[in-house]
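Trainee: fold the following, please.
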Amino acid sequence: MHQLELRYAGIRKRAPVAERALVGSLAEIGQQLPVIVVGEAERFILIDGYKRVRALKRLARDTVRASGWQVPEVEALLLERRMRCASEDAFDQAWLLAELRHRFGLSLEELARRFERTKSWVSRRLALIEVLPTTIQDSVRAGTLAAHAAMKYLVPLARANAQAATQLATAITPLKPTSREIGTLYAGWQSGTERTRELILTSPQVYLQAQATQEPAAPSATQRWLNDLGTLGGIARRARRPLEQGLLQQLLQVERTEVEQVVARSKADVESLFSRFDREAGDAG
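Mentor: As a prediction, this is how the structure comes out:
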């Protein structure tokens, strides 16, 4: 254990319940999977396996089985993250992006390329580390605040008023709110009076209960149309990725013919939509 350098321990998210279960499993059947390290001689940087190392220490073990990757540290971090499932937590993604940017000097463009994402995707996650106050980061890391909710609601508030973001996070963290509840509280904070904000800070649960009793307003025709456009854009971006990965080159001729027919119909529908928009937008009435 003393040979491990736990360089990234402070920025990994904790999961107390899962770690307690892991301690029990290790005590019963021992370590089954090696941790991942890079380095040589007497010092090894731990890349993956922080939960296992903490659990083994709680069991008073002084050794850990490890697999050494013969690659540079930056490549090990990227490879380990690519091996994880795509649904991993946004905060875990954020700490890695921040390390790669600040310790290894990778630009936003390079990060977007290496993760096969957009610069906007990278920027939103970096904001969890670079914009949110430390106290809010600690809550996200501890699992009492959802990372996606913090990214969607608390980051914009922190950009405008870091103190307000900290106050709001401090008030709602004990509730362990869902993302929907955080969105409701954030909307109330943004649009409410000073009295409303005081209620949210002192009794967030009361505010949520009051909002739950109100009849939700039906979305307007404009909002429904904007929602449809957002869905259309999301589907287009998702459908583009297989093309970027060489899908057409893998198709049989009969499949390619079918794809081309569907693409032609979809293209006509989309062009008709935006042609109508251009015509209506230019109409005086």
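Trainee: all strands for this structure, in order.
Mentor: Ranges of strands in the chain, per DSSP state E, are 4-5, 35-40, 43-48, 66-68.
Trainee: CSV for these, including mean neighbour count, distance to R117 and mean pLDDT?
Mentor: The C-beta positions use only the backbone N, C-alpha and C, and glycine is treated the same way. Output for the strands of the chain, formatted as CSV (neighbours: other Cβ atoms under 10 Å; distance: least, Cβ to Cβ, whole Å; pLDDT from 0 to 100):
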stretch, mean neighbour count, distance to R117, mean pLDDT
strand 4-5, 16, 29, 92
strand 35-40, 18, 23, 87
strand 43-48, 19, 21, 89
strand 66-68, 16, 28, 90
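Trainee: need these in TSV (columns: distance to T193).
Mentor: Shown next, in TSV, are the strands of the chain (distance: least, Cβ to Cβ, whole Å):
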stretch	distance to T193
strand 4-5	52
strand 35-40	53
strand 43-48	49
strand 66-68	57
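Trainee: among the ones you listed, which comes closest to A236?
Mentor: strand 43-48 (34.8 Å; Cβ to Cβ).
Trainee: and the closest one with strand 35-40, angle?
Mentor: Using axes from the mean of the first three to the mean of the last three Cα atoms, to 10 degrees, the direction of strand 43-48 lies 150 degrees away from that of strand 35-40.
Trainee: ok so, going back, and L97, which of the strands of the chain is closest to it?
Mentor: With Cβ to Cβ as the criterion, L97 lies closest to strand 43-48 of the strands of the chain, at 15.6 Å.
Trainee: can you list the strands that that closest one pairs with?
Mentor: Strand pairing for strand 43-48, using DSSP bridges, gives strand 4-5 (parallel), strand 35-40 (antiparallel).
Trainee: could I get those strands as JSON lines with distance to G49?
Mentor: Output for these, formatted as JSON lines (distance: least, Cβ to Cβ, whole Å):
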{"stretch": "strand 4-5", "distance to G49": "9"}
{"stretch": "strand 35-40", "distance to G49": "3"}
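Trainee: and of these, who's closest to G68?
Mentor: Nearest to G68, of all the strands paired with strand 43-48, is strand 35-40, at 5.4 Å by Cβ to Cβ.
Trainee: can I get the closest one as PDB, trimmed to CA atoms?
Mentor: Extracted as PDB, the C-alpha positions of strand 35-40 are listed here (Å, rounded to 0.1, in the frame of the first residue of the first chain):
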ATOM      1  CA  VAL A  35      -6.400  -2.100  -9.500                       C
ATOM      2  CA  ILE A  36      -4.800  -0.200 -12.400                       C
ATOM      3  CA  VAL A  37      -1.500   1.600 -11.900                       C
ATOM      4  CA  VAL A  38       1.200   3.200 -13.900                       C
ATOM      5  CA  GLY A  39       4.800   3.800 -12.800                       C
ATOM      6  CA  GLU A  40       7.800   1.700 -11.900                       C
END
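Trainee: what does it contact?
Mentor: Strand 35-40 is contacted from outside by 4-5, 44-49, 52-53, 64-73, 76, 80, using Cβ atoms under 8 Å, 6 or more residues apart in numbering.
Trainee: chain center to it, what's the gap?
Mentor: 26 Å (Cα atoms, centre = their mean, to the nearest Å).
Trainee: same deal with stretch 191-205?
Mentor: 28 Å.
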